[in-house]
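3D, please:
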Amino acid sequence: MKYINAKALLPETLVKELQCYIQGGYIYVPADQTRPKQWGEVSGYRKELQRRNRQIIEDYHGGAPVERLAEQYCLSVHAIRKILYRR
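You can find the predicted model right below:
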């Protein structure tokens, strides 16, 4: 978990209000459970996979055979076909 200086993030009035309760300490602010993050949203891995899959589709439409794509991307032929035929 990365710590952020409250002065860099919050309005001055809110910082002063927080200082009435705690000074020089750490506060954990839990995530809003009504808006949970989807898988891979925080790390960026979901977008990375989407970029890879778009590239696989583009390569396939460019004439690359499924077997070569499987080898190039270290995936099974079945996994490549799932990516290609998902749309």
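
so the nearest residue to residue 46 once chain neighbours are set aside, which of the three states?
Excluding its sequence neighbours, the residue lying closest to residue 46 (Cβ to Cβ, 6 or more residues apart in numbering) is residue 40, at 3.0 Å. The C-beta positions use only the backbone N, C-alpha and C, and glycine is treated the same way. Here residue 40 is recorded as coil under DSSP: H, G, I helix; E, B strand; the rest coil.

Roughly how far does residue 76 sit from residue 48?
19 Å (Cβ to Cβ, to the nearest Å).

just to revisit the earlier point, retrieve the pLDDT associated with the residue nearest to residue 46.
Looking at residue 40, its pLDDT is 80.

Thought residue 50 was touching it, still the case?
No. Applying Cβ atoms under 8 Å, one finds residue 40 not in contact with residue 50, separated by 9.3 Å.

The longest helix seen in the chain: which residues count as buried?
Looking across the chain with DSSP state H, the single longest helix is helix 45-61. Within helix 45-61, the residues that count as buried by 16 or more other Cβ atoms under 10 Å are 53, 56, 57, 59, 60.
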